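In: Sequence and predicted structure below; questions after.
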Amino acid sequence: MADWLEPADATQGPRGESREDVRGRRPADELMLSGERLYYEGEFADAAREFRSARKHEPALFEAWAAEVDARLRAGDVPRAEETANEALAAYGKVPVFYAAKALVLAHQGYIEAAYEHSDIAVRHHGSGLFTWLARAEVVLASGARGTRESVDTCFEKAAQADPSHWRTSLRAALALIQWGQPQLALERLTHAARFVPENPFVWKAMGDCQRALGRPSNARGCYRAALARRPEYAPARDALRDMTAWGRFRKWAARLLRKSVIRNP
């Protein structure tokens, strides 16, 4: 059987130069940088398109495939995420990070046993990878099993060891915790991230969402306003504030009523 294929070092370019040194020399590098920026600003669908373009330029850029899967899941596009994960495995076979990506998809689809099986393979063959451990944490969260907090924290700690930024793992951990209904834990991770990137409006908007989920509307408004202070035209925070007004709540109620009417009377 073929050997397991390892992803290239994401921080290294040709001849061991740092990625920052080789930006602009390869279109795929520029696209990855753009995709990463969009991802950490919460623009997940746009990020997925950039990652997809990067792998089109360099099909063996394994991290681009995995990043696209993750971004599509964050955007709520599970079918496209599954399509990309399956295409990656079909094209390259034994690539650990692709098993981690497939594990993420399976977790979002509710196939927990299969998700664990794929995650086990990724951990066994690429146990030092940031993406591998973030995916593992999400599989554990998706299982909903009791007593998973310690296991999830361990996965996040292992991911953080591969993260020189000191904040990206915290933000991505928060996204996973939000996805699986843990707003208080997510808020703690976001607070940590905000110390490193205080000007990122998405971090503040996500903090507001957590505060809102925890039943703290005043704190939520404060976070949304903080996001707008960083970027006055930031639509997600502006829309969130509007939704919290009496008129915003009425509009949401009316929209739900209209959807129900359409479903009953197609």
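Out: Everything's here; your move.

In: from here on, contacts and neighbour counts on C-alpha atoms
Out: OK.

In: remind me which residues of the stretch 101-250 of the chain are low pLDDT?
Out: Filtered on pLDDT under 70, the stretch 101-250 of the chain yields the residue ranges 246-250.

In: List the contacts of the closest residue to Arg225 other than its chain neighbours.
Out: Taking CA to CA, 6 or more residues apart in numbering, and ignoring the residues beside it in sequence, Arg225 has Ala237 as its nearest neighbour in space, at 7.3 Å. Contact analysis of Ala237 by CA atoms under 8 Å, 6 or more residues apart in numbering lists Lys205, Tyr224, Arg225, Ala227, Leu228.

In: element containing Ala237?
Out: Take DSSP states H and E as the rule and Ala237 turns out to sit in helix 235-243.

In: Let me see the residues that make contact with stretch 73-85.
Out: 44-45, 65-66, 68-70, 72, 98, 101-102, 105, 108-109.

In: change it to 6 Å
Out: Defining contact as CA atoms under 6 Å, 6 or more residues apart in numbering, one finds that stretch 73-85 is touched by Phe44, Ala45, Val69, Arg72, Lys102, Val105.

In: For the fourth one, pull up the helix or strand it's in.
Out: In this case it means Arg72. helix 62-74.

In: where's that helix relative to the chain centroid, distance-wise?
Out: Centre-to-centre, helix 62-74 and its host chain are 8 Å apart (CA atoms, centre = their mean, to the nearest Å).

In: what is the rounded mean pLDDT of it?
Out: The average pLDDT for helix 62-74 rounds to 97.

In: With adjacent residues omitted, what lies nearest to Ser122?
Out: Actually, residue 122 is Ala rather than Ser. Using CA to CA, 6+ apart, the nearest residue to Ala122 is Pro96, at 4.4 Å.

In: Run a quick neighbour tally on that neighbour.
Out: 27 (other CA atoms under 10 Å).

In: Roughly how far does it sit from Phe62?
Out: Using CA to CA, to the nearest Å, we find Pro96 at a distance of 10 Å from Phe62.

In: Perfect, that will be all.
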